[in-house]
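> got a predicted structure here, sequence first:
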Amino acid sequence: MTKENNVQMAHLFDATRCIGCTACIAACLETNHPELLERDIPGHDWLGSNIRRITLERARRPQMLLVQCQHCSDAPCISTCPFGANWRDPETGLVKTDESLCVGCSYCVASCPYDVRWTHPDTGVPMKCMGEGCEALVKAGRSPACVAACPVSARAFGNVNDPESRISRRIAVSKTEKLLPHKGTKPNFFVVVTK
C-alpha cells in the first residue's frame with residue numbers, strides 16, 4: 001500500500017468466468033509488445049505477452065489460470081535488484097522497472113515465485129505486466145488491455161483500497177484466493193475461485 005495516497009491498484013482474474021479464449025493475451029501482446037507478434041519468448045515457448053497460462057491439475061478436471069505480475073507489496077524483484085531498477089510507484093502501488101537502471105542481470109526474473117517475469121529477446125530487459133501501452137491506458141483513465149479485451153468480464157483492475165471500486169465490489173461478492181500466499185510476497189492479484 002502506498003503511504004502518500006492510500007492507493008493500491010490490483011488485478012482480478014475470475015477463473016469461474018474465463019472461457020479460455022486468450023483474448024487478454026492477444027490484447028496484451030498487441031498493446032505492449034507488437035514487435036513480438038510473430039515470435040515466442042525464448043525459454044518459455046510462449047507469446048511475448050505479460051500473461052502466462054498455467055494449468056492446474058485438479059481432482060475433478062484441469063483448471064486453467066491466466067496469471068501475470070502480482071504487483072506484490074513485498075516484491076522479491078524489488079529486493080533482489082542490486083541496481084534499484086525495480087521499484088514501487090507511490091501513486092499506484094504498482095511494481096515498475098526503470099530500464100535506464102537495468103543491466104539485464106535478470107535477478108528479478110529468477111526471484112519471481114510466480115514465474116511471470118521474462119526477458120525481452122531483443123533488449124535483454126526484464127518485462128512484466130503493465131507495459132508502456134497499458135500504463136498509457138491506465139493514465140488515460142481506461143482499463144488495461146487484458147481487462148478491456150475480455151468478452152466475459154473475467155478480469156478487473158482498480159484500487160482495492162477503495163471499497164466502491166469495481167474490483168473491490170467484485171472481491172466482496174466472490175470467494176477469492178491469492179496465489180502462493182506462503183511465499184510472503186503479499187500479492188495484489190486476486191483469483192476468483194467460486195461465486
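Nice, I can see it.
> and the residue nearest to residue 20 when sequence neighbours are not counted, helix, strand or coil?
Setting aside the residues directly before and after it, residue 20 is nearest to residue 64 in space (Cβ to Cβ, 6 or more residues apart in numbering), at 5.6 Å. Backbone N, C-alpha and C define where each C-beta goes, glycine included. Reducing the assignment to helix, strand or coil with DSSP: H, G, I helix; E, B strand; the rest coil, the entry for residue 64 is strand.
> likewise for residue 108?
Classification of residue 108 into helix, strand or coil gives helix, according to three-state DSSP.
> shouldn't it be in contact with residue 117?
Yes - the pair residue 108 / residue 117 is scored as a contact, 5.8 Å apart, by Cβ atoms under 8 Å.
> joint contacts of these two?
Each of 77, 126 lies in contact with both residue 108 and residue 117 under the rule Cβ atoms under 8 Å, 6 or more residues apart in numbering.
> got the buried residues for the strand or helix carrying residue 137?
With elements delineated by DSSP states H and E, residue 137 resides in helix 132-139, which encompasses its position. Of the residues in helix 132-139, those scored as buried under the neighbour-count criterion (16 or more other Cβ atoms under 10 Å) are 133, 134, 135, 137, 138.
> follow-up on the earlier one: what is the neighbour count of the residue nearest to residue 20?
A count of nearby residues for residue 64, using other Cβ atoms under 10 Å, gives 13.
> where in the chain is pLDDT low?
Applying pLDDT under 70 to the chain flags residues 1-5, 43-45, 58-61, 195.
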